[in-house]
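Visitor: pasting the sequence and the predicted model now:
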Amino acid sequence: MSHEGIRFASKDEQARDNQASRPLLRIVITPEKVRVLMTEGKGLEIDWADGHKSAWGFAWLRDACPCATCADERAQEGRKAGQPKPRPAALLPMYAPPPKPASAHAVGRYAIQFNWLDGHSGGIYSWEYLRRVCQCQECTFTDAETTGTPN
């Protein structure tokens, strides 16, 4: 049995390889410009360092809260991130105002956190998470293409 082509890298070589790949990762998930459009009631827009642009509505962001409580609830109900809760059938449906944050603030250099008007504030939306759940046509098409199912 030949082991030709298999080589064990030294710790120095592994460290160099890791450092060489890190800048590319930072570029992809680093926002160049972040806009929280609270006055307009629209949502969040991010221009990424690699030129990509993403936008999410506040309703989608609230339904995609990444906190453990919300993620567990979505998993139990079989919902995807951003998918709203099913509304109960009622004779006279009650009006519910659209989700909107009372405030938003940066969490270090890696995330944004919303304090929602409904009192929820546990979700920390990391740049990596937001880039992964980008709702632009290009990203949703790529996701459908790789999973075989449309969003």
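Guide: Noted; the coordinates are in hand. Residues are numbered from 1 along each chain as shown.

Visitor: and stretch 111-131, how far from the chain's centre?
Guide: Mean-position distance between stretch 111-131 and its chain equals 9 Å (CA atoms, centre = their mean, to the nearest Å).

Visitor: I meant stretch 32-45, not that one.
Guide: With CA atoms, centre = their mean, you get 15 Å for stretch 32-45.

Visitor: next, count neighbours for D118.
Guide: Other residues within reach of D118, judged by other CB atoms under 10 Å, total 13. From N, CA and C alone the C-beta is placed, and that goes for glycine too.

Visitor: and the residue lying closest to it once chain neighbours are set aside, what pLDDT?
Guide: Spatial nearest neighbour of D118, chain neighbours left out: P99 (6.9 Å); criterion: CB to CB, 6 or more residues apart in numbering. What the model reports as pLDDT for P99 is 93.

Visitor: for P99, phi and psi?
Guide: P99 adopts backbone torsions of phi -60, psi 140, taken as degrees, to the nearest 10.

Visitor: with T140 instead?
Guide: According to degrees, to the nearest 10, T140 has phi -70, psi -30.

Visitor: run a quick neighbour tally on it.
Guide: Neighbour tally, T140, other CB under 10 Å: 14.

Visitor: contacts for the helix or strand hosting I112 next, please.
Guide: For I112, the host element (DSSP states H and E) is strand 111-116. Outside strand 111-116, the residues that touch it by CB atoms under 8 Å, 6 or more residues apart in numbering are 34, 36, 44, 61-62, 99-107, 121, 123-127, 129-130.

Visitor: run through the bridge partners of I112.
Guide: Beta-bridge pairing for I112 (DSSP bridges): A106, Y125.

Visitor: distance-wise, check it relative to S121.
Guide: Distance of I112 to S121, computed by CB to CB, to the nearest Å: 12 Å.

Visitor: which one's more surrounded, the two?
Guide: I112 (21 against 16).

Visitor: what's the pLDDT at the more buried one?
Guide: pLDDT, read off for I112, is 97.
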